[in-house]
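1. build me a model:
(chains A and B)
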Amino acid sequence: MKPPQDSLDFPNAFYRVTVKGLCVRDGKILLVHDYSGHSATDPGSEWELPGGGLEFGENFQDALKREVQEEMGLKVSWIDEKPTFVWTTKHSTGRWMEWYWVCSVMFRFEVEDLNFTPSIECREIKFFSKEDLQNNIADLASQVVPLAERFNPQAFEQSNRDA
Amino acid sequence: MALDDHHKHFAGNVAQKAVIEKDGKVLVVLPPGEETWDLPGGRLHVGEVPLEGLRREIAEELGLDIKVHEVFFADMWMPSHVEPDKARYFVAFACSLINPSASFVFEKEEIADAKWIGKDEVDSLPLYEICKNALKAYFKNLEL
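-> Modelled structure (predicted):
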């Protein structure tokens, strides 16, 4: 049997790359409640960071703007030039023994307002404190779990950025 | 993410690069038989934690132990010397040497030479464009 990571015929150093947005207000980070996950208490949904897969030839900033628009109908007003965090996670394709790896790159961003338009990828948005994250691990998307363990949203509130 | 659209989404190698600083200069490396300099680093293996992968690469290529401070640059990379569909995602981390007086031990198949360059040398050195962009961002961050 082939090793699971070969299930998509990707060589051993292949990753999908996704851009994720970090929007911080009052020490809390913005998460999106979608319909496509597998959380424990609500099998139809999970809390995910805004953002998604990079398309070929697309840069991170353009991809994040596009995803925020598609998912929430919100307009991005600012994106950081440099990334904040890079991490990797293993994802199931939903088929038995099929996995792929995702490398996520996070950029801080701001939106013009929070009047989101619900979509299949977003039925609700909410700001989570570090404590909220830790208390809802089972409902977080796998890419968000490392944040609950390692992140201090307060520190992001304090970090400098250009106006 | 649906599987069916996996050819539309970017999937490829993740090239992790270390910008290793010492006395205001940064380390660049020359692969054997090449004329274009590069930043040290390599492909992230599947299942590796990014920072551990980077430390492994630098230990293998140069025999150096590094401390990784932060990620500061990420971009898509379409190197001209490989096929257009072999796009890579490029990410650069700010690093320093754990032992600043350590000497290089090259892995000869990957590295022919290494040198420390200052900010003024970035433009004139034959260096991949994306590495130049990363180094310019690095030196700009130092000024802030």
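
2. any idea which residue is closest to the centre of the chain?
-> This is for chain A. A:L49 (3.0 Å; CA atoms, centre = their mean).

3. should've been chain B
-> Closest-to-mean residue, chain B, CA atoms, centre = their mean: B:K17 / 2.1 Å.

4. name the element the spatially closest residue to A:S119 that is not a sequence neighbour belongs to?
-> Here the nearest residue to A:S119 in space, its sequence neighbours aside, is A:E71; by CB to CB, 6 or more residues apart in numbering or on different chains that works out to 6.0 Å. Any C-beta I mention is one placed from the backbone N, CA and C, and that applies to glycine too. A:E71 is part of helix A:60-72, with elements assigned from DSSP states H and E.

5. which other helices and strands contact the strand or helix carrying the residue nearest to the centre of chain B?
-> Using DSSP H and E, the element containing B:K17 is strand B:11-22. Secondary-structure packing of strand B:11-22 (3 or more CB pairs under 8 Å, 6 or more residues apart in numbering or on different chains; DSSP states H and E): strand A:14-22, strand B:25-30, strand B:41-43, helix B:50-62, strand B:66-77, strand B:88-97, helix B:129-143.

6. mind listing what's buried in that strand?
-> Of the residues in strand B:11-22, B:A11, B:G12, B:N13, B:V14, B:A15, B:Q16, B:K17, B:A18, B:V19, B:I20, B:E21 count as buried by neighbour count, 16 or more other CB atoms under 10 Å in any protein chain shown.

7. how near is the closest residue in space to the first one that isn't next to it in sequence to A:K75?
-> Leaving out its chain neighbours, the residue that sits closest to B:A11 by CB to CB, 6+ apart is A:R16, at 4.8 Å. Distance of A:R16 to A:K75, given as CB to CB, to the nearest Å: 26 Å.

8. those two: who's more crowded?
-> The residue with more neighbours, out of A:R16 and A:K75, is A:R16; 22 against 11, by other CB atoms under 10 Å in any protein chain shown.

9. ok, the more buried one touching A:C103?
-> Yes - assessed by CB atoms under 8 Å, A:R16 is found in contact with A:C103 at 7.2 Å.

10. can you show me the helices along chain A?
-> A:60-72, A:130-135, A:145-150, A:153-158 (DSSP state H).

11. direction included, what does the lengthiest strand in chain A pair against?
-> Identified as the longest strand of chain A according to DSSP state E is strand A:99-111. Using DSSP bridges, strand A:99-111 pairs in its sheet with strand A:14-22 (parallel), strand A:76-79 (antiparallel), strand A:85-92 (antiparallel).
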